[in-house]
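only geometry, no sequence info:
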């Protein structure tokens with residue numbers, strides 16, 4: 001079989017899925033992209049209202065497709081979605097996407113069990129997984145019709161990313177979790193999946209406790225501050241203290257965050273066998289690593 005006739009499935013129409021489909025089309029393949037959403041964009045279509053790129057748009061773009069001239073320096077989430085959608089339309093990717101379709105299962109069938117047991121997932125030489133004797137069988141549910149169908153492909157590309165809609169819920173002891181809490185418990189993913197108006201209405205006038213100190217936690221705290229102001233502050237519960245930086249550009253034009261992306265970060269770490277000068281410098285720079293953070297916003 002000619003390689004151009006190979007059947008290729010891509011799961012996910014986010015950034016990676018769109019690019020994978022674009023390159024396959026350029027090489028003569030006719031891939032099929034499955035995505036549970038209603039448009040391309042992946043996680044960018046399900047974010048908080050305040051979400052923006054944390055990098056300038058010039059550093060976050062496809063090499064073969066420019067941003068619109070009117071885009072913000074730090075694009076909003078809707079501008080990122082529009083950029084991905086425009087990219088998909090320009091390269092003919094959008095017509096290959098089957099929206100509102102959820103892949104329920106994927107299995108490799110038709111291969112000899114003894115041969116399959118000796119395969120490696122990646123040989124390191126560019127060859128695909130397996131020897132081509134089998135096929136990938138995908139079970140797909142179509143949201144609009146409610147039907148479930150099975151398809152077979154020669155190749156399968158997973159582009160679901162790290163945040164594929166499965167929230168990380170901690171385990172609670174008996175009689176010590178959401179079952180005894182009188183308020184409403186919601187995960188950050190669930191809040192992000194809401195419409196902007198619905199999320200704002202949910203937070204309005206509520207006493208909110210945010211557990212965690214990751215990026216989503218601070219974003220939600222900022223959303224609460226926007227909705228309720230100082231009259232109804234949001235409380236954060238953090239395992240470790242954090243130093244909150246109001247803006248990345250401090251000390252003039254120095255980008256503070258970039259200091260920790262190079263060898264400067266080594267200076268703030270105590271190293272075994274280091275001299276007095278090295279340990280003294282690490283001590284003096286230690287406030288950059290950790291400092292007390294306020295409890296309310």
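Yes, it's here. A quick note: this is a predicted structure, and the numbers were derived from the prediction, not measured. Numbering: from 1, shown residues only.

which residues touch residue 39?
By Cβ atoms under 8 Å, 6 or more residues apart in numbering, residue 39 lies in contact with 13, 45, 81, 85, 99. Every C-beta, even on glycine, is put in place using the N, C-alpha and C of the backbone.

farthest pair in the residues you listed?
The distance between the two most remote of the contacts of residue 39 (Cβ to Cβ) is 13.7 Å, for 81 and 99.

phi and psi next, for residue 229.
Per-residue torsions, residue 229: phi 70, psi -160 (degrees, to the nearest 10).

number of residues surrounding it?
Neighbour count for residue 229, taken as other Cβ atoms under 10 Å: 9.

against residue 176, how distant is residue 235?
Distance, residue 235 to residue 176, by Cβ to Cβ, to the nearest Å: 19 Å.

typo on my end, residue 38
From residue 38 to residue 176 the distance is 39 Å (Cβ to Cβ).

and if you look at residue 87?
48 Å.

more neighbours, these two?
Taking neighbours as other Cβ under 10 Å, residue 87 and residue 176 compare with residue 87 leading, 20 against 9.

so that one touches residue 17, yeah?
No. Between residue 87 and residue 17 there is no contact under Cβ atoms under 8 Å: 11.6 Å.

what segments of this structure are helices?
Remark: helices assigned in the chain by DSSP state H are 15-26, 77-90, 113-116, 188-193, 196-203, 215-228, 276-285.

what is the fourth one packed up against?
To tie it back to what came earlier, the one meant is helix 188-193. helix 196-203, helix 215-228 (3 or more Cβ pairs under 8 Å, 6 or more residues apart in numbering; DSSP states H and E).

how about 7 Å then?
helix 215-228 (3 or more Cβ pairs under 7 Å, 6 or more residues apart in numbering; DSSP states H and E).

who's in contact with the helix it packs on?
Under the contact criterion Cβ atoms under 7 Å, 6 or more residues apart in numbering, helix 215-228 has outside partners 48-51, 188, 191, 199-200, 203-205, 208, 210, 234, 236, 297.

just the strands in the stretch 51-200 of the chain please.
97-98, 101-109, 135-142, 148-153, 155-158 (DSSP state E, counting those that start in this stretch).

can you give me the domain assignment for this structure?
Using automatic domain parsing, the domain ranges for the chain come out as 3-158, 188-237.

let's have those domains in JSON lines, adding mean pLDDT and distance to residue 278.
JSON lines is the format used below for the domains of the chain (pLDDT from 0 to 100; distance: least, Cβ to Cβ, whole Å):
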{"stretch": "domain 3-158", "mean pLDDT": "87", "distance to residue 278": "31"}
{"stretch": "domain 188-237", "mean pLDDT": "86", "distance to residue 278": "29"}
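
adding distance to residue 279, write the ones you listed out as TSV.
Below are the domains of the chain laid out as TSV (distance: least, Cβ to Cβ, whole Å):
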stretch	distance to residue 279
domain 3-158	33
domain 188-237	28
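
closest to residue 276 out of those?
domain 188-237 (33.6 Å).

gap between that closest one and the chain center?
Domain 188-237 sits 19 Å away from the centroid of its parent chain (Cα atoms, centre = their mean, to the nearest Å).

residue 217: neighbour count?
So residue 217, with other Cβ under 10 Å, has 18 neighbours.
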